[in-house]
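Asks: Everything below, folded, please.
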Amino acid sequence: MKLFSKRTIVFLAFFVHLNLFAQERPKIGVVLSGGGAKGLSHIGILQAIDSAGLQVDYITGTSMGSVIGGLYSIGYSGNDIEKIAHELNWSAILSNKPDYKNISIDEKDEYAKYSVELGLEKLSPQIPTGLIESEELWLTLTQLFAPVYDVKDFSKFNIPFKCIATDLSTGAAIVHSKGEIVTAIRSSMAIPSVFTAVDFDTTKLVDGGIIRNFPVIDIKEMGADYVIGVNLFKGLPDISKLNTAMDVFYQITQYRDAEDLEKEKKLCDLIIEPPLEKYSAGSFGDAEDIIVIGKEMGKLYYPFFKKLADSINNIQSKTYDPTNRLPKKNDVTIDKIEFIGIENTNKELLLDKLGIEPGHSYSITKINEGFRNAFSSRYYNNVYYQLKPTTTDHVVLTCFVKEAPLTQAKVGISYLTFTGFAVIANLTARDLLFTKSRTMAKFAIGEYFRGFVQHRQAFGKKTNSLFNISYGYDHLPLNLYDETNKRAVYHINKSVLDANFTKVFNINWSLAAGTNFQNIRYSPEVTPELSYNGNFTELYSYIRAESKSINSPNFPTSGHEFLFEFGMDYNRKLNVTSDSAVTISHLTEKVESSPELYRLRLKYVKYVPLSLKSTLIFKADGAYCINSKDFIFDNYFVGGIQYILNQQIPFAGINEGQVTTSATGIAMIGYQYNLFGHFLLIGRANTNLYNFDNLWATDQTQSNKAKWVNGFSLGLGYDIGSLPMELTAMYSPEMNTLYSNIKVGFIF
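Replies: This next block holds a predicted model:
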């Protein structure tokens, strides 16, 4: 695109200046077109208009233009909008899923562990009208437009405003000028098959760019004498430039608008077209660069805006401050709570998650926090609200609920160096047996088999008291090492029947107490010189405190993980047979006649962001078993990057279970760096003191002396939620061997 030179712009402005002297004060209109991520360039134009002191009288927009234009119309300055754009979490806005840090700790165990999740209604898959419902988009818009929640006529905004949506049933343009501003904005940007359609009266609305992406005719009808149009649509792009799903869908929406564009452009007095050919509607990852281009265009057109403002002020002088236009709002008192859309779920559960009660005063931030908590319960595809003013600072809170199907099917894949390839399948039903419950069955099917069935029942007014009963079955290998040498491989078939009571204190903290019955059958894969076949049972009672505030289940960059568990093993029964001539009666006697075992497990991991790209990781991990008789299942299995085995403690540098011990303490420091895109570099250095329960033993033989092992790893991660990956090289000086660890997908 050929741009005007600064001299040409000033020259044109001069003639406009002369012409305006003989007129009444003209009304200035600004039109902002849609364009997805490219719409962020509008910000720089508005900043230049503010700097020039040019007062805008009307504003219209479509799609992203409606978002930027709407914010400007209610009183945000161009600088305010730039700050908002920098602070927005675009990945959360362009997602169907709640932020991991907002998920309650009782739901974190199964969240974001599958590639595909599909709701089932009477065993039929439920396909939404778009890929992205975006709870976060609704709440973000509600927060931003809160200063005008009580203004239902858009002509009463600081700058009168209209935005365009498309009626999905007729294809006609819907020009929003009254009603709920958040609903209007959300419908204007509902790109078909990307964002879900918005319910409106008896129809559904989608992106206004389908019918009128550059709504100049509407601003002329509002009364604009002089129209400044910012157009981001240059016609249909070459097919080779359609690189993402959003690009393709956005192209489809532009077919009809391409015909309308030339007609709308002829109604403009000035058209600004930022050079954004290298970007697409989905280029939110390049938001910073797009904003810079908009600012450069603003600087280029600033002389024109300044001359225009001076000319208007010569006709009619008027004090204008673009930075103090936004209304100030107090907290609101909730007079009443109404619900629309609740059919299958429990209203008490929603109220509990919201934490909002009639008769109390709340900030918009606090209300949004409650709705994020409700959405994170996984009962809802979308749950948002509107505020209907009653008296000054008093409102009726109307909750709009789109319930998620109570039954969900989930599928993921897994490849781990230790267990090989597996398909992970999950079927979860909520309120199947009773209300406020979650019933789940999941399986890992591959070289090895794992299964888990659980029923979780919430009770009490706050629904933060949980009773859990579960059955788990694992068929996994157990490798026994003599330092670097693998001396045996056992097949382990472990069944665990567990019941516990859990108290959830907030989304990050819980305390549990329970008992489980364990039944372990084991046999050698290949019979070595010394081998055992056996069956081992015991009861284990425990108390467990957990906290998890990390911001992602994969490659977190902030937050912490904490685990404290104290338990007792008792009623231990061992049945052992041997293919060798070794006497084994002493082993059975030792295990069954020993006092109860007491176990202590403690873990703390802290993720400290150093910058937008780098994170420092600190970890302290350990376990201690009192009264251990060095029976293999008394011990902890140290090694590996990921937690896979029961009683395993990951340690970078050695393989899973390469060190077996009844007492271990680990300290680790790690560094994670975002190389580019979704690729990460992860380095770890850790040290492990083990067998320290024998430090005071009188018979300090070589086998029971405390020992040290150190380890290092360097890994390349790929951080994409639907299929995370990590390839790691590990080394331990004590083992003097280089190992590799591969993780693709999810861990059961």
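
Asks: And the helices in the stretch 251-400 of the chain?
Replies: Assigned by DSSP state H, counting those that start in this stretch, the stretch 251-400 of the chain shows helices spanning 255-265, 287-315, 347-354, 364-375.

Asks: Could I get those helices in CSV, plus columns for mean neighbour count, distance to Met440 and mean pLDDT?
Replies: In short, each C-beta sits where N, CA and C put it, glycine included. Below are the helices of the stretch 251-400 of the chain laid out as CSV (neighbours: other C-beta atoms under 10 Å; distance: least, C-beta to C-beta, whole Å; pLDDT from 0 to 100):
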stretch, mean neighbour count, distance to Met440, mean pLDDT
helix 255-265, 15, 45, 75
helix 287-315, 19, 38, 93
helix 347-354, 18, 18, 89
helix 364-375, 20, 20, 93
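
Asks: Can I get these in CSV including distance to Asn479?
Replies: Formatted as CSV, the helices of the stretch 251-400 of the chain follow (distance: least, C-beta to C-beta, whole Å):
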stretch, distance to Asn479
helix 255-265, 60
helix 287-315, 48
helix 347-354, 44
helix 364-375, 43
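
Asks: Ala488 is nearest to which of these?
Replies: With C-beta to C-beta, the closest approach to Ala488 among those belongs to helix 364-375: 49.3 Å.

Asks: Geometric centre of this structure: which residue is closest?
Replies: The geometric centre of the chain, computed from its C-alpha atoms, lies nearest to Asp99 (C-alpha atoms, centre = their mean), at 3.4 Å.

Asks: residues in contact with it?
Replies: Contacts for Asp99 (C-beta atoms under 8 Å, 6 or more residues apart in numbering) come out as 89, 92, 136, 372, 376, 551.

Asks: Now for the residues you listed: which two are most distant?
Replies: Asn89 and Ser376 (14.8 Å).

Asks: Same drill for these two, tell me which one is more crowded.
Replies: Using other C-beta atoms under 10 Å, the more surrounded residue of Asn89 and Ser376 is Ser376, with 23 against 11.

Asks: backbone phi and psi for the more buried one, please?
Replies: Phi and psi for Ser376, reported as degrees, to the nearest 10, are phi -70, psi -10.

Asks: That one against Asp106, yeah?
Replies: No - Ser376 lies out of contact with Asp106 (C-beta atoms under 8 Å); the separation is 10.7 Å.

Asks: quick one, strands of the stretch 301-450 of the chain?
Replies: Using DSSP state E, counting those that start in this stretch, the strands found in the stretch 301-450 of the chain span residues 332-340, 361-362, 380-389, 394-403, 407-416, 420-430, 437-446, 449-459.

Asks: among these, which is nearest Ala729?
Replies: Closest to Ala729 of these is strand 407-416 (C-beta to C-beta; 15.8 Å).

Asks: Which secondary structure elements does the closest one sit against?
Replies: Applying 3 or more C-beta pairs under 8 Å, 6 or more residues apart in numbering; DSSP states H and E, one finds that strand 407-416 contacts strand 116-121, strand 420-430, strand 437-446, strand 737-745.

Asks: CA atoms only: put the biggest strand by length in the chain into PDB for me.
Replies: Criterion DSSP state E: the longest strand present in the chain is strand 485-506. Presented in PDB, the C-alpha positions along strand 485-506 are these (Å, rounded to 0.1, in the frame of the first residue of the first chain):
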ATOM      1  CA  ASN A 485      23.000 -52.900  35.900                       C
ATOM      2  CA  LYS A 486      19.400 -54.000  35.600                       C
ATOM      3  CA  ARG A 487      19.400 -57.200  37.600                       C
ATOM      4  CA  ALA A 488      15.700 -58.100  37.300                       C
ATOM      5  CA  VAL A 489      12.400 -57.000  35.800                       C
ATOM      6  CA  TYR A 490       9.200 -57.900  37.700                       C
ATOM      7  CA  HIS A 491       5.600 -57.700  36.500                       C
ATOM      8  CA  ILE A 492       3.600 -56.000  39.200                       C
ATOM      9  CA  ASN A 493      -0.200 -56.300  39.400                       C
ATOM     10  CA  LYS A 494      -1.400 -53.900  42.100                       C
ATOM     11  CA  SER A 495      -5.000 -53.400  43.200                       C
ATOM     12  CA  VAL A 496      -6.000 -50.600  45.600                       C
ATOM     13  CA  LEU A 497      -9.400 -50.100  47.200                       C
ATOM     14  CA  ASP A 498      -9.400 -46.700  48.800                       C
ATOM     15  CA  ALA A 499     -11.900 -44.600  50.900                       C
ATOM     16  CA  ASN A 500     -11.200 -41.200  52.200                       C
ATOM     17  CA  PHE A 501     -12.800 -38.000  53.500                       C
ATOM     18  CA  THR A 502     -11.500 -34.800  52.000                       C
ATOM     19  CA  LYS A 503     -12.000 -31.200  53.200                       C
ATOM     20  CA  VAL A 504     -11.400 -28.500  50.500                       C
ATOM     21  CA  PHE A 505     -10.500 -25.200  52.200                       C
ATOM     22  CA  ASN A 506     -10.100 -23.200  49.000                       C
END
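
Asks: secondary structure element for Gln143?
Replies: Using DSSP states H and E, Gln143 sits in helix 135-144.
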